[in-house]
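Visitor: Coordinates only, no sequence provided:
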């Protein structure tokens with residue numbers, strides 16, 4: 001009896017652990033962190049391939065944390081460019097912008113140059129942080145095929161983030177989130193600024 005219970009506990013633990021490492025198939029099935037929760041620590045890469053502790057950035061000032069699918073995505077590039085247009089207003093409100101994607105770090109410079117980005121753009125190459133935030137889903141085969149035609153360096157990520165904008169405190173607490181499984185719809189710059197002013 002004891003061995004049977006022990007076996008069942010082991011199976012349950014293994015199943016939970018396995019599920020924690022597996023991203024859902026559909027963007028609509030994600031389970032993101034909620035407002036009031038604290039972001040987990042993360043080790044990310046910058047455009048030079050240097051490891052950056054996200055916490056070391058977040059502690060500097062409140063942050064607009066943007067998760068985008070990759071530099072190959074035109075909707076993401078439009079969003080990143082839009083943030084460039086309002087970056088000074090965001091800075092004036094006391095915030096900084098940090099953008100994260102599962103792109104190989106070697107693609108970040110191209111994204112920075114293409115979208116004229118001055119804020120920090122970081123790579124979560126294996127998607128570990130994206131999974132922990134709860135916004136990862138498995139990269140569809142069709143997207144892998146598309147990305148392969150875009151001249152991207154490195155392998156296509158096995159997971160993608162649902163496009164997400166979080167506003168977090170210097171302690172990493174989420175105070176606002178915009179998460180939309182429809183990758184064509186992003187929060188507007190005007191709406192983001194309005195939210196930042198309200199929180200301020």
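Guide: Now that the structure is in, tell me what you want to look at. The shown structure was predicted, so the numbers you read here are calculated from the model rather than taken from an experiment. Residues are numbered from 1 along each chain as shown.
Visitor: For residue 79, give its distance to residue 173.
Guide: 24 Å (CB to CB, to the nearest Å). All C-beta spots, glycine's among them, are computed from the backbone N, C-alpha and C.
Visitor: Please identify the helix or strand for residue 109.
Guide: helix 108-114 (DSSP states H and E).
Visitor: Could you check that helix and say which residues are buried?
Guide: 108-112 (16 or more other CB atoms under 10 Å).
Visitor: re earlier: which of residue 79 and residue 173 has more neighbours?
Guide: Just comparing residue 79 and residue 173: by other CB atoms under 10 Å the higher neighbour count belongs to residue 79, 22 against 15.
Visitor: Is that one in a helix, a strand, or coil?
Guide: helix (DSSP: H, G, I helix; E, B strand; the rest coil).
Visitor: Show the model's pLDDT score for the closest residue in space to it that isn't next to it in sequence.
Guide: Excluding its sequence neighbours, the residue lying closest to residue 79 (CB to CB, 6 or more residues apart in numbering) is residue 186, at 4.7 Å. For residue 186, the pLDDT comes out at 97.
Visitor: Residue 148 too?
Guide: pLDDT, residue 148: 85.
Visitor: hmm, back to that, who does the helix holding residue 109 touch, helix- and strand-wise?
Guide: helix 74-92, strand 120-123 (3 or more CB pairs under 8 Å, 6 or more residues apart in numbering; DSSP states H and E).
Visitor: what stretches of this protein score poorly on pLDDT?
Guide: Scanning the chain for pLDDT under 70 picks out the ranges 1-21, 200.
Visitor: Residue nearest the middle of it, spatially speaking?
Guide: residue 67 (3.0 Å; CA atoms, centre = their mean).
Visitor: Let me see the contact set for it.
Guide: For residue 67, the contact set (CB atoms under 8 Å, 6 or more residues apart in numbering) comprises 99-101, 130, 133, 135, 161-166.
Visitor: Among those, which ones are in strands?
Guide: Members of the contacts of residue 67 lying in strands (criterion: DSSP state E): 99-101, 161, 164-166.
Visitor: Any chance of these in CSV with neighbour count as columns?
Guide: Output for the ones in strands among the contacts of residue 67, formatted as CSV (neighbours: other CB atoms under 10 Å):
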residue, neighbour count
99, 23
100, 23
101, 30
161, 31
164, 23
165, 23
166, 24
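Visitor: closest to residue 27 among the residues you listed?
Guide: Minimum distance to residue 27 across those is 9.1 Å, recorded for residue 161 (CB to CB).
Visitor: beta partners of the closest one?
Guide: Residue 161 has these beta-bridge partners by DSSP bridges: residue 136.
Visitor: which residues touch the helix holding residue 109?
Guide: With contacts defined as CB under 8 Å, 6+ apart, helix 108-114 is touched by 46-47, 71, 77, 80, 103, 117, 121-123.
Visitor: which residues touch residue 115?
Guide: Contacts of residue 115 by CB under 8 Å, 6+ apart are 77, 80-81, 84.
Visitor: Which one of these is nearest to residue 56?
Guide: Comparing those against residue 56 with CB to CB places residue 80 closest, at 22.3 Å.
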